[in-house]
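Student: What would the 3D arrangement of this be:
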Amino acid sequence: MSGSVVDMTDLTTDQYRDAVSNFPTGLVVVTANVAGELLGFTCQTFGSLSLEPPRILFAAGNMGSTWPKIKTVTSVAISILADSQEQVARAMATSGKNKFEEVETIEGQNGAPLIVGALAHLEGEIERVENYGDHDIASVVVNRVSFTQGTPLIYCQRAYK
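Tutor: Prediction:
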């Protein structure tokens with residue numbers, strides 16, 4: 001194996017990102033309606049947690065302004081992005097602007113916005129939030145899904161694929 005070897009005492013944030021960016025991840029958008037304000041963010045740490053009952057998990061950075069507001073409510077939606085939705089991922093990852101200005105949504109059954117054109121929508125209730133450093137891990141009990149077939153949007157080596 002060629003490449004860099006860095007001891008933890010010398011490890012920089014960029015080196016850590018370079019190392020873990022070799023693992024491809026799908027991209028989702030987590031959304032909620034918080035007292036009439038539509039909120040959302042792009043998330044690449046997401047997965048199925050259990051089948052009975054159906055649960056998912058996602059990780060959210062706790063340093064921004066969106067997640068702290070979303071975690072005050074229980075109802076959320078997760079939209080699994082299609083490979084044609086890079087612009088959606090970028091828009092929902094940008095701070096300091098109306099993220100939904102460029103993103104088409106419909107209202108989910110629980111009031112959270114669902115991204116139009118996504119491969120799947122999962123609606124549910126946040127069951128638990130645990131803090132791990134600069135991120136929180138949220139577990140969500142899923143109570144509604146809709147989906148279609150297609151190719152997901154992937155993020156790998158700091159690029160959309």
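Student: so what's Thr12 up against?
Tutor: Val6 (CB atoms under 8 Å, 6 or more residues apart in numbering). Heads up, the C-betas are built off the backbone N, CA and C, glycines and all.
Student: Might you report the residue contacts of Gln15?
Tutor: Shown in contact with Gln15 (CB under 8 Å, 6+ apart): Ser4, Val6.
Student: For Ala19, grab phi and psi.
Tutor: The phi and psi values for Ala19, taken as degrees, to the nearest 10, are phi -70, psi -50.
Student: any idea how far it is from Gly3?
Tutor: Noted for Ala19: a distance of 9 Å to Gly3, by CB to CB, to the nearest Å.
Student: Looking at those two now, which is surrounded by more residues?
Tutor: Per other CB atoms under 10 Å, whichever of Ala19 and Gly3 has more neighbours is Ala19, with 13 against 8.
Student: Do a quick rundown of the helices in this structure.
Tutor: 13-20, 66-70, 86-93 (DSSP state H).
Student: Of all the ones you listed, which one is nearest Val103?
Tutor: helix 86-93 (5.4 Å; CB to CB).
Student: Only the buried residues of the closest one, if you could.
Tutor: Of all the residues in helix 86-93, those buried under the rule 16 or more other CB atoms under 10 Å are Glu86, Val88, Ala89, Ala91, Met92, Ala93.
Student: Show me what it is in contact with.
Tutor: 27, 29, 40-42, 81, 99, 101-103, 115, 117, 153, 155, 160.
Student: which residues touch the nearest residue to Ile154 once chain neighbours are set aside?
Tutor: Closest residue to Ile154 apart from its sequence neighbours, by CB to CB, 6 or more residues apart in numbering: Lys161 at 4.4 Å. Contacts for Lys161 (CB under 8 Å, 6+ apart) come out as Pro24, Leu153, Ile154, Tyr155.
Student: circling back: could you identify the buried members of the contacts of helix 86-93?
Tutor: For the contacts of helix 86-93, a burial check counting by 16+ other CB under 10 Å picks out Leu27, Val29, Gly40, Phe41, Thr42, Leu81, Lys99, Val103, Ile115, Leu153, Tyr155.
Student: Now intersect these with the strands, please.
Tutor: Using DSSP state E, Val29, Gly40, Phe41, Thr42, Ile115, Tyr155 are the members of the buried ones among the contacts of helix 86-93 that sit in strands.
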